[in-house]
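>>> all I have is the shape, not the residue letters:
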Ligand code: SAH
C-alpha cells in the first residue's frame, strides 16, 4: 500500500458507497471519505488503511462539487438517519441510480438491460410516518427525547427532524411539556427503574390521522387525561393516545400490551384505494406516498387481466397482493411472521377482499409445498428482506413457470445476484425501475419485471 495513516493526499471524489460516503481513487486504492460529494476536489487526511482501500476525512475542500447544498440540519451525521443532506436531491437520485446500475452490471453481469430513471419523491423530506424516540434526562435533569449518540446510550435532544411531518414536532413538544409538568420519572436502562421509555408516533399520510403512543415501564403514567388534553389541543389530526406497557429490561421498544387512553385503538390510512388500520404493533410502509408508487408499478408489471393466480411471497401485512386482488382471480400470500399474517387477513376483511388467502410459513418451503400440490401461479411477486431470496426458492419459482415474476428489492446487490440466478433458469429482466422509498438515506428500492426468454 502506497499510503499510510496520517498521510494527507489530494483526491477527487467520483462517486458514493452504499453508505453514502464519497469515494475517490488514489493510485488504484479506493479512498472512502464521509460527507464528501461527487465532484469535490479535496485535501484528505488518511485515518485508516486496509489492503485495497482506506478511510479518510476532509482536511480541506479545494474545489466544492456543484452538487453541494448548505446543511439544513444540526443533527446531520450524528443521529444515523440521513446520509445525503450535503448534496441536492437530484444528485442523490443520480447516486442511487448509479449504485443500482453498478450492481446490475458488475454483480448481475447484465450489460445490455435498460434501467428506467429512478422514481423520486415529490417531497424528499417529511415522509417518515413513524418515529420512536427514547426518553431520558440531560445533565440539568431536564427530560430529553431524541436519539442515542453513536456508540452510547446518551440521549441527544432532538426537537425537530426534517424527515418527519410537522405534526410529530408538535407532538414531541407537547409531550415534553407534559413530562416536565407531571414530574414523571424517566426510565433508566441500567437500573430498570423509572417509567417513561419511548415516545412512539405514527401518522396516516392520506387521512392525516395521528397516533401518540407512550411506552412505559408500568401500567400507566400519572396525569393521563392531562396528557391527552395537551396533545388534543396542539396536535392536528390526533386520533389516538395509547399507553404501551413494556416492563422488560430489553432494547426492544414495544411491550405486548396496549391500552387506549383517548380516542381510537388504531389510525386508518388509505393506500392504492384500500383501507389499512394501523395499530402500534402493525407493520406499515414508512413512506406511504412512495409505497403507493411502488405498488402501482408492481401492479403494472403484473399485467393482470382478472384471470390470474398471484403468489405474493414475503407478503408482510399483505399490502402488495391485496392491492392487486381486484384485478386477479386469486391471491396467495406467504409471510413468516405470524402477527403480520394476522394483520394481512384483517386487511383483506376490512376491504371486503374474499379472493386472498395468507399462509404463515417460510417462503421457500411454502413455494415448494404449493408447487407439489399443483399450484401454478401466473404471477409471482417477491419482496424479500435485504438478504434476498433463497436459491432453492428461485428454483421452485422458475419450475412453477409463471408468466411473470415481479421482484421488489430493497438491496441492489442481492437483487443483482438473484437476477443472475433467475437468468440461468431462463427468466430475464424485462424492465427495471428504482423507486426512492427513503430519500436522504442510502437505501435503494427497485421493482423488476422478469419473464421467460421464450415466452
Ligand atoms: N411485501 C411487504 C413486506 C416486505 S418486507 C410490503 O410491501 O409491505 C419483507 C417481509 O419478508 C417481512 O415481512 C419479513 O417478515 C418477511 N420474511 C423474512 N424472511 C422470510 C421468509 N424466510 N419467509 C417468508 N417471509 C419472510
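Structure's in. What do you need? Owing to the predicted nature of the structure, the values given are computational and were not obtained by experimental measurement. Numbering: from 1, shown residues only.

>>> what sits closest to residue 160 if chain neighbours are left out?
residue 169 (4.9 Å; Cβ to Cβ, 6 or more residues apart in numbering). Heads up, the C-betas are built off the backbone N, CA and C, glycines and all.

>>> tell me the phi and psi of that neighbour?
Backbone torsions of residue 169, given as degrees, to the nearest 10, read phi -60, psi -40.

>>> neighbours around it, how many?
As a burial measure, residue 169 scores 17 neighbours (other Cβ atoms under 10 Å).

>>> so who does it touch?
Neighbour list for residue 169: 159, 160, 161 [criterion: Cβ atoms under 8 Å, 6 or more residues apart in numbering].

>>> of those residues, grab the buried ones for PyMOL.
The buried residues among the contacts of residue 169 can be selected in PyMOL (16 or more other Cβ atoms under 10 Å) with this line:
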select buried, resi 161
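
>>> can I get the contacts of residue 169 in a markdown table including secondary structure and distance to residue 257?
As requested, the contacts of residue 169 are exported to a markdown table (DSSP: H, G, I helix; E, B strand; the rest coil; distance: Cβ to Cβ, whole Å):
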| residue | secondary structure | distance to residue 257 |
| --- | --- | --- |
| 159 | coil | 29 |
| 160 | coil | 31 |
| 161 | coil | 28 |
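
>>> now the contacts of residue 169 as a markdown table including distance to residue 445?
As requested, the contacts of residue 169 are arranged in a markdown table below (distance: Cβ to Cβ, whole Å):
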| residue | distance to residue 445 |
| --- | --- |
| 159 | 30 |
| 160 | 26 |
| 161 | 21 |
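
>>> mind putting the contacts of residue 169 in CSV, pLDDT and distance to the ligand included?
Converted to CSV, the contacts of residue 169 look like this (pLDDT from 0 to 100; distance: Cβ to the nearest ligand atom, whole Å):
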residue, pLDDT, distance to the ligand
159, 87, 31
160, 89, 28
161, 94, 23
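
>>> tell me the residues of the stretch 151-300 of the chain that contact the ligand?
residue 285 (Cβ under 6 Å from any ligand atom).

>>> and the residue of the stretch 151-300 of the chain closest to the ligand?
residue 285 (5.6 Å; Cβ to the nearest ligand atom).

>>> name the SS class of the closest residue to residue 42 other than its chain neighbours, please.
Nearest non-adjacent residue to residue 42, counting by Cβ to Cβ, 6+ apart: residue 11, 5.1 Å away. Following DSSP: H, G, I helix; E, B strand; the rest coil, the label given to residue 11 is strand.

>>> my guess is residue 11 contacts residue 46. True?
No. Using Cβ atoms under 8 Å, residue 11 makes no contact with residue 46, being 9.8 Å away.

>>> overlap in contacts, the two.
Counting by Cβ under 8 Å, 6+ apart, the common neighbours of residue 11 and residue 46 are 31, 56.

>>> of all of the stretch 201-350 of the chain, which residue lies closest to the ligand?
residue 316 (2.6 Å).
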